[in-house]
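*Asks:* Need coordinates for the below:
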Amino acid sequence: MAFQHHEQLDAVEEELREIIQALKVIKRLKNDRVAVIGSARVPGFYGSNFDELAVKERFGVTVDKIDLSTVFAQAEAIPAAAVRAEIERVYGGATEIIGVSPEQLEKSVRPYLALRSLAEEAGYAGYALKCWPEFPEVYGAAVCLSVAMLNEAGIITSDESDLMGLISMLISHYATGFTEVPTLLDMVALMRSKTRSGGFGTAAALPGSWVVTVDKSKPSPHFNQVDENQVHLGSACEMLLRTGPVTLSRLMGSAGAEALIFEGNVIDTPPCSFGGATVM
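*Replies:* Presented below is the predicted three-dimensional model:
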């Protein structure tokens with residue numbers, strides 16, 4: 001009769017659990033359909049280029065492409081009453097305290113309703129959304145608030161046409177059993193010391209579940225999208241992240257053949273001048 005220490009059995013059980021979860025993620029991705037919104041990457045973001053056939057072969061993800069004009073038209077066609085009802089449902093009385101006109105807040109929420117409806121109809125798991133320059137310059141409002149709302153609703157969405165970012169987010173979402181909402185951050189500064197290394201992570205589309213408190217998750221005027229009269233074009237969600245452990249992951253290359261994955265902690269720190277930020 002064979003005997004084994006309980007600690008060894010526990011380790012084997014944990015390893016099997018991780019393997020099974022990884023297989024579930026792979027299976028889920030092979031059935032996923034996503035959409036890139038916008039005909040091209042945002043200016044200068046060469047890392048957002050991707051090889052559609054290679055992505056299909058590696059991950060099994062099917063990628064559709066949808067023109068921005070289609071989203072603009074569907075967003076504008078949504079009845080005003082439906083938009084106001086959604087704002088009230090999610091943010092309550094936020095329209096009176098965030099410093100954004102009711103018209104701009106409604107315009108910020110309309111793309112969320114249009115893309116949510118499209119995802120339900122087409123079965124999209126998520127979007128890689130070209131958030132600028134067309135949204136502020138042609139549509140007339142930044143789309144950051146809609147991106148935050150889509151992610152909170154489980155329709156995983158990356159900004160800046162970032163398909164590898166989207167697939168990275170989907171993998172993270174599936175690996176947690178759909179319990180954690182991913183988000184996409186910019187790394188805009190790095191720090192190193194003998195005991196830690198980290199950086200400032202900034203975002204204008206943080207889901208409410210990521211922020212310090214629910215009271216601070218309400219949208220604010222977009223910090224760098226203004227017109228010639230200095231009127232803020234739409235809303236953003238750029239707040240300090242809640243502290244605690246995080247996993248950061250990033251697929252790289254046009255087909256996601258490489259990945260950067262590491263663990264860290266969000267720590268309490270003052271915001272930087274570029275809007276909501278934190279140190280990890």
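
*Asks:* Strands along this protein, start to end?
*Replies:* Using DSSP state E, the strands found in the chain span residues 33-37, 62-66, 126-129, 156-158, 186-192, 197-202, 220-221, 235-236, 244-252, 258-266, 277-279.

*Asks:* Adding mean pLDDT, mean neighbour count and distance to A81, write the ones you listed out as a markdown table.
*Replies:* Backbone N, C-alpha and C define where each C-beta goes, glycine included. Formatted as a markdown table, the strands of the chain follow (pLDDT from 0 to 100; neighbours: other C-beta atoms under 10 Å; distance: least, C-beta to C-beta, whole Å):
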| stretch | mean pLDDT | mean neighbour count | distance to A81 |
| --- | --- | --- | --- |
| strand 33-37 | 97 | 23 | 25 |
| strand 62-66 | 96 | 16 | 26 |
| strand 126-129 | 97 | 28 | 25 |
| strand 156-158 | 96 | 30 | 25 |
| strand 186-192 | 68 | 12 | 36 |
| strand 197-202 | 55 | 18 | 35 |
| strand 220-221 | 72 | 20 | 25 |
| strand 235-236 | 76 | 29 | 20 |
| strand 244-252 | 91 | 15 | 39 |
| strand 258-266 | 88 | 12 | 39 |
| strand 277-279 | 49 | 22 | 37 |
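
*Asks:* These: which one's closest to E180?
*Replies:* E180 lies closest to strand 244-252 among the strands of the chain, at 9.1 Å (C-beta to C-beta).

*Asks:* so what strands line up beside that closest one?
*Replies:* When pairs are called by DSSP bridges, strand 244-252 turns out to pair with strand 258-266 (antiparallel).

*Asks:* Kindly export the partner strand (C-alpha atoms) in CSV.
*Replies:* The C-alpha coordinates for strand 258-266 follow below in CSV (Å, rounded to 0.1, in the frame of the first residue of the first chain):
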residue,chain,number,x,y,z
GLU,A,258,5.4,36.3,-26.1
ALA,A,259,4.0,37.4,-22.8
LEU,A,260,5.1,39.5,-19.8
ILE,A,261,3.5,38.3,-16.6
PHE,A,262,4.3,39.4,-13.0
GLU,A,263,2.6,39.9,-9.7
GLY,A,264,2.7,43.0,-7.5
ASN,A,265,0.8,45.2,-5.1
VAL,A,266,-1.1,48.4,-5.5
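
*Asks:* Distance from the chain centre to it, please.
*Replies:* Distance, stretch centre to chain centre, for strand 258-266: 16 Å (C-alpha atoms, centre = their mean, to the nearest Å).

*Asks:* Name all residues that make contact with S48.
*Replies:* 41-42, 128, 160-165 (C-beta atoms under 8 Å, 6 or more residues apart in numbering).

*Asks:* still on that earlier bit, for I171, which of the strands of the chain is the nearest?
*Replies:* Across the strands of the chain, I171 has its closest neighbour in strand 244-252 (7.0 Å, C-beta to C-beta).

*Asks:* could I have that closest one exported to PDB, CA atoms only?
*Replies:* C-alpha atoms of strand 244-252 as PDB (Å, rounded to 0.1, in the frame of the first residue of the first chain):
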ATOM      1  CA  GLY A 244      -3.900  45.100  -2.700                       C
ATOM      2  CA  PRO A 245      -2.300  42.300  -4.700                       C
ATOM      3  CA  VAL A 246      -2.600  42.300  -8.500                       C
ATOM      4  CA  THR A 247      -1.400  40.300 -11.500                       C
ATOM      5  CA  LEU A 248      -0.100  42.200 -14.500                       C
ATOM      6  CA  SER A 249       0.000  40.400 -17.800                       C
ATOM      7  CA  ARG A 250       0.600  41.500 -21.400                       C
ATOM      8  CA  LEU A 251       0.700  39.500 -24.600                       C
ATOM      9  CA  MET A 252       3.200  41.000 -27.000                       C
END
